[in-house]
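Q: Below is the sequence, then the predicted model.
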Amino acid sequence: MAEMRGSTPGEVPAERRRSHRVNISMPILVRGKRAGHQFEEQALTVSVSAHGCMFRLKAAVTRMQEVAIINTKTAEELPCKITFLGQKEGGQTEVGVEFIEPSPLFWRIAFPPDDWDPAERKRPGGSRPSSSSHRP
């Protein structure tokens, strides 16, 4: 299995995951300090979880830097730390942040249950064998 950028060598990313990640584009506002000056930038999430999110940002940031994420739909603000910096594309960098404290209600979406298997949703509806026989 290929290692995820930013992971520790030999570490399997799925084993690090503490909560389900949902790929969804949600508007956020990112606030922080850069070189002693405040910055504020609107962004869209790429994915969200109860522990943080990933988005693309134009502002130059560093790993372990503290920023605040504001859910623009609710105006709720949470402190975060940057845990991942990915590829740059079109003047923006992939940024992964972790909430200082888990906050599953921040996004106002329903996350899959802990025992959810993404492979389940790929099965065609009639592929499971029936436990009872149907007679006309």
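A: Arrived safely, thanks for sending.
Q: hey, let's count contacts and neighbours off CA atoms from now on
A: OK.
Q: which other residues reach the helix or strand hosting Glu40?
A: Here Glu40 sits within strand 37-49, counting by DSSP states H and E. Strand 37-49 has contacts (C-alpha atoms under 8 Å, 6 or more residues apart in numbering) with 19-33, 53-59, 104, 107, 111.
Q: Equivalent analysis for stretch 60-78, please.
A: By C-alpha under 8 Å, 6+ apart, stretch 60-78 touches 27-34, 79-85, 99-100, 106-107.
Q: Pairing partners for the strand holding Glu40, with directions?
A: Sheet pairing of strand 37-49 (DSSP bridges) gives strand 22-23 (antiparallel), strand 27-34 (antiparallel), strand 52-57 (antiparallel).
Q: Just the buried residues of the contacts of stretch 60-78.
A: The neighbour-count test (16 or more other C-alpha atoms under 10 Å) marks 28-33, 79-85, 99, 106-107 as buried among these.
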